[in-house]
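1. Give me coordinates for this.
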Amino acid sequence: MTSSLLLILSDWTYLILRLTVGAVVLKIGVTKFRRTRFIGPLDIALGLMLLLGFFTPWAAALVALESLFLLFIGLLRRSTHEETRLFLILLVSAALLLITRGSGIVSLDSFLSYGAWW
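-> Numbers count the residues shown, from 1 in each chain. I've put the predicted structure just below:
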């Protein structure tokens with residue numbers, strides 16, 4: 001009984017994680033779109049993909065790569081604050097979890113059966 005309850009809660013936990021990361025990336029994309037026209041649309045698309053659960057591992061991989069790139073550039077230039085670095089590390093960690101776990105049951109991937117291999 002306990003293991004089946006934890007399995008059900010696990011699905012909801014990953015849904016909450018995916019929705020949270022998607023909303024954060026979408027908000028970052030909207031903010032970047034106002035300043036630059038290049039990275040903003042990519043982040044908006046990735047945020048929407050994560051919110052919908054569409055090609056989640058691929059979207060999460062791009063989020064992780066972008067965050068690692070920004071972290072690396074910030075460390076080289078010594079231009080990022082400690083809070084920004086910690087946020088990027090947390091975003092990479094959440095994205096890595098979504099890469100390995102996939103989109104979960106409540107997602108467009110599950111509905112369209114794209115998530116069969118992850």
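2. can we go C-alpha only for contacts and neighbour counts from here?
-> Fine.
3. list the buried ones in the strand or helix carrying residue 68?
-> Per DSSP states H and E: residue 68 is located in helix 56-77. Applying a neighbour-count criterion of 16 or more other C-alpha atoms under 10 Å, the buried positions in helix 56-77 are 56-64, 66-68, 70-71.
4. Would you mind measuring from residue 49 to residue 62?
-> Separation of residue 49 from residue 62 (C-alpha to C-alpha, to the nearest Å) stands at 11 Å.
5. Adding pLDDT and distance to residue 113, write the buried residues of helix 56-77 out as CSV.
-> Formatted as CSV, the buried residues of helix 56-77 follow (pLDDT from 0 to 100; distance: C-alpha to C-alpha, whole Å):
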residue, pLDDT, distance to residue 113
56, 93, 13
57, 93, 14
58, 95, 15
59, 96, 17
60, 97, 18
61, 97, 20
62, 97, 21
63, 97, 23
64, 97, 24
66, 94, 27
67, 94, 29
68, 96, 30
70, 90, 33
71, 92, 34
